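1. Can you look at this prediction? I've put the sequence above it.
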There are 2 protein chains.
Amino acid sequence: MKRIERLSVYRRFLQEIAGSEPGSVYSHELAEKTGVTPAQVRRDLMEIGFAGHTKKGYRSAELVAAIGNYLDSPEGDPVALVGLGNLGRALLPFFAGHHPKLKITAAFDTDPLKTGRVICGCRCYPFDQLEEVIAEENIRVAILTVPAAAAQKAAGRLAAAGVRGILNFAPALIRLPKAVTVETMDITIALEKIAFFARRSGDES
Amino acid sequence: MKRIERLSVYRRFLQEIAGSEPGSVYSHELAEKTGVTPAQVRRDLMEIGFAGHTKKGYRSAELVAAIGNYLDSPEGDPVALVGLGNLGRALLPFFAGHHPKLKITAAFDTDPLKTGRVICGCRCYPFDQLEEVIAEENIRVAILTVPAAAAQKAAGRLAAAGVRGILNFAPALIRLPKAVTVETMDITIALEKIAFFARRSGDES
DNA sequence: GTATTGCTGTGATCGGTTTCACAATTCGCG
DNA sequence: CGCGAATTGTGAAACCGATCACAGCAATAC
Ligand SMILES: NC(=O)c1ccc[n+]([C@@H]2O[C@H](COP(=O)([O-])OP(=O)(O)OC[C@H]3O[C@@H](n4cnc5c(N)ncnc54)[C@H](O)[C@@H]3O)[C@@H](O)[C@H]2O)c1
Ligand SMILES: NC(=O)c1ccc[n+]([C@@H]2O[C@H](COP(=O)([O-])OP(=O)(O)OC[C@H]3O[C@@H](n4cnc5c(N)ncnc54)[C@H](O)[C@@H]3O)[C@@H](O)[C@H]2O)c1
């Protein structure tokens, strides 16, 4: 559902302005800073049961807390990273420390050159130990950055090991039982789409 | 429009099976391999004016050509990459050689340590030369991988320099005239969303 | 104390996308 | 050659998220 993404975006903005005056925001401010309409902000907050105050807007600190309460697992979620290639090794430092609730706590690769080390505080295991480590650390969320040809199989093992949500970067269709959420971010296709629209917009050469 | 993405996906599958038997595909095959419904495949192909043959399906090679004709700029599009950090440096080798129509031909960074070189066949320029190089190479599409705080400004310069489509990885709202297509891939928010749904699915501890 | 302003909460509506459902067509077969 | 099976093309319906529009209310002004 798209609302979940918007809530994350609202929260990010609220955290950026945290502490500053006046401690509350109007739907139209949140909308402006976030690229949506005021009605949609109000609708979203209504849906999570967070009420504002007529003429005073929404209390920022409480709203952050309410969104966190709605979105986050209270203890935070450990995340597995599968595939330590170029992309995986870029993601690792990015998430290290940056996010309060989502931490990559285990990485896996089939290549023995990539495993055994600790990178950015994250242990890198041989791919064989996937099930074991995932059960051990009670991991439910994974990022998949393996080659397309290996993606379905790796995803299947993740799901079988107990993972319930996968962010997949491989350009491949992943089929899993519907109890597992899979989102594929296909960078190539996004770029093709952008090039398509870029070409159509008022073409001047 | 979502159809554009699906067309890219159809094409990718068709290219994977190119050359193999029987030279044509049914809507239900394409649908199956691509994760959509057969009716949607037919509707999409109808929209681009590509007709199949009753009982024989769609001729694969011609369909690839028709999709290419619809989506691609005939000469291909040169792409700029702005921001040579961890993510930018992962994207560079990924696109190098891989895509027939989209090639990263110029990269930019403010950090003098990152510029002056040629990486994966792509020249890396100081950020100052952005306008000059973009005009020179007639670049219309860009990938933006700079820190969030720098994203709006960099995007503005890209647009002013003639770029019409931007794939943005910075977690920031980019505002540009509507003639410029901007798509933000926010990896953090995608992961938060996945963690949310992972938590809700049949929670067993 | 009354009027005015401006914001929230939400039922109603809208618009785009997906899906349904079926007529039309072609093929293989007897 | 006519029948049954299979597939396309597409109007119509269903669906779903976004937007509109306004009633209700709290704060402020006068
Ligand atoms: N690099 C990018 O910028 C980029 C951009 C878009 C999409 N992608 C996609 O992301 C994926 C990874 O890209 P990359 O550039 O990091 O590739 P890469 O080849 O650099 O890395 C792939 C890694 O996966 C490991 N691996 C291979 N098979 C495995 C398996 N079965 N289990 C676990 N690990 C395995 C390899 O050892 C390697 O370390 C690919 O599917 C690619 O298409 C990458
Ligand atoms: N690395 C990741 O895996 C990842 C994941 C999700 C999102 N992102 C986002 O992508 C962006 C880049 O991430 P990163 O990890 O590569 O960061 P990074 O800090 O490694 O790289 C940023 C690069 O941009 C350059 N830069 C800074 N200001 C610039 C400007 N005004 N013009 C041109 N170049 C400039 C810096 O010199 C640096 O090389 C960030 O916005 C980040 O939030 C990164």
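-> On my side now, so go ahead. Ligands and ions are numbered 1, 2, ... in the order given.

2. who in chain A is up against DNA strand D?
-> Residues of chain A lying close to DNA strand D (Cβ under 7 Å from any atom of the strand) are A:1-3, A:36-37, A:39-40, A:42-43, A:53-56. Where you see a C-beta, it was placed from the backbone N, CA and C, and this is true even at glycine.

3. Return the subset of those residues lying in helices.
-> Filtering the residues of chain A next to DNA strand D for membership in helices, criterion DSSP state H, returns A:2-3, A:39-40, A:42-43.

4. Same list (these) but as JSON lines, adding distance to ligand 2 and neighbour count.
-> Formatted as JSON lines, those follow (distance: Cβ to the nearest ligand atom, whole Å; neighbours: other Cβ atoms under 10 Å in any protein chain shown):
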{"residue": "A:2", "distance to ligand 2": "20", "neighbour count": "10"}
{"residue": "A:3", "distance to ligand 2": "22", "neighbour count": "15"}
{"residue": "A:39", "distance to ligand 2": "29", "neighbour count": "11"}
{"residue": "A:40", "distance to ligand 2": "24", "neighbour count": "16"}
{"residue": "A:42", "distance to ligand 2": "29", "neighbour count": "17"}
{"residue": "A:43", "distance to ligand 2": "28", "neighbour count": "14"}
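
5. Which strand runs longest in chain A?
-> When every strand of chain A is counted residue by residue (DSSP state E), the longest turns out to be strand A:102-109.

6. Sort out which residues of stretch A:49-68 are buried, please.
-> Neighbour counts using 16 or more other Cβ atoms under 10 Å in any protein chain shown place A:50, A:52, A:57-60, A:63-64, A:66-67 of stretch A:49-68 among the buried residues.

7. The nearest residue to residue A:129 once chain neighbours are set aside bridge partners, please.
-> Spatially, and ignoring its direct neighbours in sequence, residue A:129 is nearest to residue A:108 (7.4 Å; Cβ to Cβ, 6 or more residues apart in numbering or on different chains). Judged by DSSP bridges, the bridge partners of residue A:108 are residue A:82, residue A:125.

8. residues near residue A:108, how many?
-> 27 (other Cβ atoms under 10 Å in any protein chain shown).

9. now it: how far from residue B:132?
-> 44 Å (Cβ to Cβ, to the nearest Å).

10. Ok, residue A:80 next?
-> Separation of residue A:80 from residue B:132 (Cβ to Cβ) stands at 44 Å.

11. Neighbour count for those two, which is higher?
-> Just comparing residue A:80 and residue B:132: by other Cβ under 10 Å the higher neighbour count belongs to residue A:80, 25 against 11.

12. Now do the same for the more buried one: its pLDDT.
-> Looking at residue A:80, its pLDDT is 98.

13. Please apply the same query to residue A:119.
-> On the pLDDT scale, residue A:119 is placed at 95.

14. Now do the contacts for residue A:89.
-> Contact analysis of residue A:89 by Cβ atoms under 8 Å, 6 or more residues apart in numbering or on different chains lists A:119, B:86, B:90.

15. just to confirm, which helix or strand has residue A:123 in it?
-> Of the helices and strands defined by DSSP states H and E, residue A:123 is found in strand A:122-126.

16. What residues sit buried inside that strand?
-> Going by neighbour count (16+ other Cβ under 10 Å), the buried part of strand A:122-126 is A:122-125.

17. Also compute the angle for that strand relative to strand A:102-109, please.
-> Following axes from the mean of the first three to the mean of the last three Cα atoms, to 10 degrees, one obtains 30 degrees for the angle between strand A:122-126 and strand A:102-109.

18. Let me know the pLDDT of the closest residue to residue A:28 other than its chain neighbours.
-> Residue nearest to residue A:28 in three dimensions, not counting chain neighbours: residue A:38, with 4.3 Å by Cβ to Cβ, 6+ apart. In this model, residue A:38 is scored at 98, pLDDT.

19. if I look at residue A:38, how far off is ligand 2?
-> Distance check for residue A:38 against ligand 2: by Cβ to the nearest ligand atom, to the nearest Å, it reads 27 Å.

20. Next, count neighbours for that residue.
-> Using other Cβ under 10 Å, residue A:38 has 14 neighbouring residues.

21. tell me the contacts of it?
-> A:26-28, A:30-31.

22. By neighbours, which of those wins?
-> Of all the contacts of residue A:38, residue A:30 has the most neighbours under the rule other Cβ under 10 Å, reaching 25 neighbours.

23. For my notes, confirm it occurs in a strand.
-> No. Following the definition DSSP: H, G, I helix; E, B strand; the rest coil, residue A:30 is helix and is not counted among the residues of a strand.

24. tally of neighbours for the residue nearest to it when sequence neighbours are not counted?
-> Closest residue in space to residue A:30, ignoring its immediate chain neighbours: residue A:41 at 4.8 Å, by Cβ to Cβ, 6+ apart. Other residues near residue A:41 come to 23 when the count uses other Cβ under 10 Å.

25. Please report how far residue A:41 lies from residue B:165.
-> For residue A:41, the distance to residue B:165 equals 28 Å [Cβ to Cβ].

26. so is residue A:130 in a helix, a strand, or just coil?
-> Three-state call for residue A:130 (three-state DSSP): helix.

27. check contacts around it.
-> With contacts defined as Cβ under 8 Å, 6+ apart, the neighbours of residue A:130 are A:80, A:82, A:108, A:157-158, A:161.

28. Could you rerun that using 7 Å?
-> Contacts were defined as Cβ atoms under 7 Å, 6 or more residues apart in numbering or on different chains; by that measure residue A:130 touches A:108, A:157, A:161.

29. okay, those in CSV with distance to residue B:9 next?
-> Putting the contacts of residue A:130 into CSV (distance: Cβ to Cβ, whole Å) gives the following:
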residue, distance to residue B:9
A:108, 27
A:157, 24
A:161, 28
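
30. DNA strand C: which of the residues you listed is nearest?
-> Distance to DNA strand C across the contacts of residue A:130 (Cβ to the nearest atom of the strand) is lowest for residue A:157, with 28.1 Å.

31. tell me which element that closest one is part of?
-> helix A:148-161.

32. same thing with residue A:167?
-> Here residue A:167 sits within strand A:165-168, counting by DSSP H and E.

33. following that strand, which helix or strand comes up?
-> Counting by DSSP H and E, the next helix or strand C-terminal to strand A:165-168 is strand A:181-184.
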